[in-house]
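1. Need coordinates for the below:
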Amino acid sequence: MRRAETEISEVGIARIGPVSDTDEELPAPGPVSWDETWQNPDDTVSIDVTNAGWYRVGTHTTAADGTNLGWEAVDVLVKDDNDTYSIAQKWKVSPRI
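-> Residues are numbered from 1 along each chain as shown. Next comes the predicted model:
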């Protein structure tokens, strides 16, 4: 194992299911059809949440030499409490290496 300089080449965020979905009903680990994407972000990225549900936040990572290191993602359950949205649950979902 060695360390390598990396960069986040792309960030994606997508709503992937309603609050009632279970982990068996959500998409498999990895990238999905993103609702919003950012190329080479250099600051915080965000979206305006207007619906409760499951969201996937993914990052596509690339090594400094251009090697594609793939996608890493976190699924979060966003709940609505009188138009105040908060993350109620989260877990990391990544493809197996």
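
2. and for stretch 72-91, what are the contacting residues?
-> Contacts to stretch 72-91, defined as C-beta atoms under 8 Å, 6 or more residues apart in numbering, come from residues 16, 19, 26, 29-31, 49, 51-59, 61, 92-94. From N, CA and C alone the C-beta is placed, and that goes for glycine too.

3. Which residues are in contact with the most centrally placed residue in the chain?
-> Geometric centre of the chain, nearest residue: Val57, 1.3 Å, by C-alpha atoms, centre = their mean. The neighbours of Val57, taking C-beta under 8 Å, 6+ apart as the test, are 11-13, 73-74, 76.

4. so how far is Lys90 from it?
-> In this view, Val57 and Lys90 are 9 Å apart by C-beta to C-beta, to the nearest Å.

5. Strands of the protein, start to end?
-> Applying DSSP state E to the chain gives strands spanning 6-17, 36-39, 53-63, 68-80, 85-93.

6. Any chance of JSON lines for those, columns mean pLDDT?
-> Below are the strands of the chain laid out as JSON lines (pLDDT from 0 to 100):
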{"stretch": "strand 6-17", "mean pLDDT": "94"}
{"stretch": "strand 36-39", "mean pLDDT": "95"}
{"stretch": "strand 53-63", "mean pLDDT": "94"}
{"stretch": "strand 68-80", "mean pLDDT": "93"}
{"stretch": "strand 85-93", "mean pLDDT": "86"}
